[in-house]
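[1] Below: sequence and its predicted model.
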Amino acid sequence: MYNEAMKIKELQDILYDIYTITEETARKVNVPVWPYSGTEIGAVREKNFIPWDDDMDIQMRYSDYLKLKPLLLKELPDYLKLVEPEDFSPYFYDFLPRIVDTRYLLREETEEDRAYNNLQNHPSLDIFLIMQAPDSAFSRRLLYYRTLFVYVQAMNHRFSEKHEAGSVLVKAAMKGISFLGKKHSVGELYRKYLEINSKWEGRWTKTMAIMNDVLTSFQITARTIDHTTAFLPAAWFAYSKPEGELRGRKTALPAGYHEQLTRMYGDYMTPPEDLKAYNLHLNEEDMGEAFDAWERERNEAAGKENC
């Protein structure tokens, strides 16, 4: 159902429902579910959603996801659906599992939404998978570019391709590689992606990777691509710290959450000046109330400092 009048608070209520059900299910198999990205900042800085945040991200170890997945498929309410990359077939959207609330649409459906069966047009909890990675710099570089090669092939199956990053030469190369993807189905490419990235699972390495985050940023933003970006110390994910909170609910955070957020955002405890510099799923009119509230708070704070 598309609710033309849905506002950010309503969407956040829906997302919080998905999160709590997922987190409670994960507890049954003793699997930690950690907030990620903007959701992680919210759990640390706001003890709530960032007021303008209109999606929700979690991160978890790939080995834990494999434990949790059968239970999610069995116990999620009928209105929630675990969506994996091959579920978009014959099209490709990304290499990111997600849990969506099928009762609601984020926007009035488009031709592209219909092609994707609206699986990317529902409120969603996106799941970023943390995998063991090699310690050797050469092996990490090789892993990154092998993964990128598969990802760009998968882009050939996108409803509309978006190669926005890089020079004209880089874009041309991406087009050429993506053409090779016609020979393989989305399911085949996703299995290849997992095969490449799970090679070090079960080994004792000091390095882990959230590869999909870097690959997705390559596709939708102008963020600089660096083969070192995806690789993080395994110690950051060795255990949980009970230092997060979302709407009064205590939330576990990865051991290195401060280091992780600092690497991603710098001074993450200071809200950005330009709140509209975010990739939003709701339109600006719907988001306006959250932006306006923060604008008033910033202006009031600035006024007090100048007194």
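    Perfect, I can see it now.
[2] and His258, backbone torsions?
    Main-chain torsions, His258, degrees, to the nearest 10: phi -60, psi -50.
[3] Just the pLDDT for it.
    Looking at His258, its pLDDT stands at 97.
[4] Which stretches in this protein count as helices?
    Remark: helices assigned in the chain by DSSP state H are 8-27, 37-41, 62-75, 111-115, 137-154, 168-180, 186-197, 211-220, 257-265, 284-306.
[5] worst average pLDDT in those?
    Looking at those, the lowest mean pLDDT belongs to helix 284-306 (a mean of 50).
[6] Leu143: what's it in contact with?
    Shown in contact with Leu143 (C-beta atoms under 8 Å, 6 or more residues apart in numbering): 133-134, 196-197, 199, 209, 211. In short, each C-beta sits where N, CA and C put it, glycine included.
[7] Narrow the residues you listed to just the buried residues.
    With burial judged by 16 or more other C-beta atoms under 10 Å, the buried subset of the contacts of Leu143 is 133-134, 196-197, 199, 209, 211.
[8] can you redo those residues as JSON lines with distance to Leu73?
    Converted to JSON lines, those look like this (distance: C-beta to C-beta, whole Å):
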{"residue": "Ala133", "distance to Leu73": "27"}
{"residue": "Pro134", "distance to Leu73": "31"}
{"residue": "Ile196", "distance to Leu73": "25"}
{"residue": "Asn197", "distance to Leu73": "22"}
{"residue": "Lys199", "distance to Leu73": "25"}
{"residue": "Ala209", "distance to Leu73": "26"}
{"residue": "Met211", "distance to Leu73": "24"}
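[9] which of these lies closest to His258?
    Comparing the buried ones among the contacts of Leu143 against His258 with C-beta to C-beta places Ala209 closest, at 19.4 Å.
[10] If Met131 is in a bridge, with which residues?
    Per DSSP bridges, the residues bridged to Met131 are Ala209.
[11] how about it, what does it touch?
    Neighbouring residues of Met131 by C-beta under 8 Å, 6+ apart: 61-62, 197-198, 200-201, 208-211.
[12] if we can go back for a sec, closest one of the contacts of Leu143 to Pro123?
    Taking the contacts of Leu143 together and measuring to Pro123 by C-beta to C-beta, the closest member is Met211, at 24.9 Å.
[13] The closest one against Thr229, yeah?
    No - shown here, Met211 and Thr229 do not form a contact pair, counting by C-beta atoms under 8 Å, at 9.6 Å.
[14] if I look at Leu106, how far off is Asn121?
    Using C-beta to C-beta, to the nearest Å, Leu106 is found at 5 Å from Asn121.
[15] Format the contacts of Met131 as TSV; extra columns: distance to Glu10.
    What follows is those, written out as TSV (distance: C-beta to C-beta, whole Å):
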residue	distance to Glu10
Arg61	32
Tyr62	33
Asn197	36
Ser198	38
Trp200	42
Glu201	39
Met208	36
Ala209	35
Ile210	30
Met211	33
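[16] Now, of those residues, which are buried?
    Here, 16+ other C-beta under 10 Å leaves 61-62, 197, 200, 208-211 buried among these.
[17] Take these and lay them out in JSON lines including distance to Leu71.
    Rendered in JSON lines, the data for the buried ones among the contacts of Met131 read as follows (distance: C-beta to C-beta, whole Å):
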{"residue": "Arg61", "distance to Leu71": "16"}
{"residue": "Tyr62", "distance to Leu71": "16"}
{"residue": "Asn197", "distance to Leu71": "23"}
{"residue": "Trp200", "distance to Leu71": "25"}
{"residue": "Met208", "distance to Leu71": "23"}
{"residue": "Ala209", "distance to Leu71": "25"}
{"residue": "Ile210", "distance to Leu71": "23"}
{"residue": "Met211", "distance to Leu71": "24"}
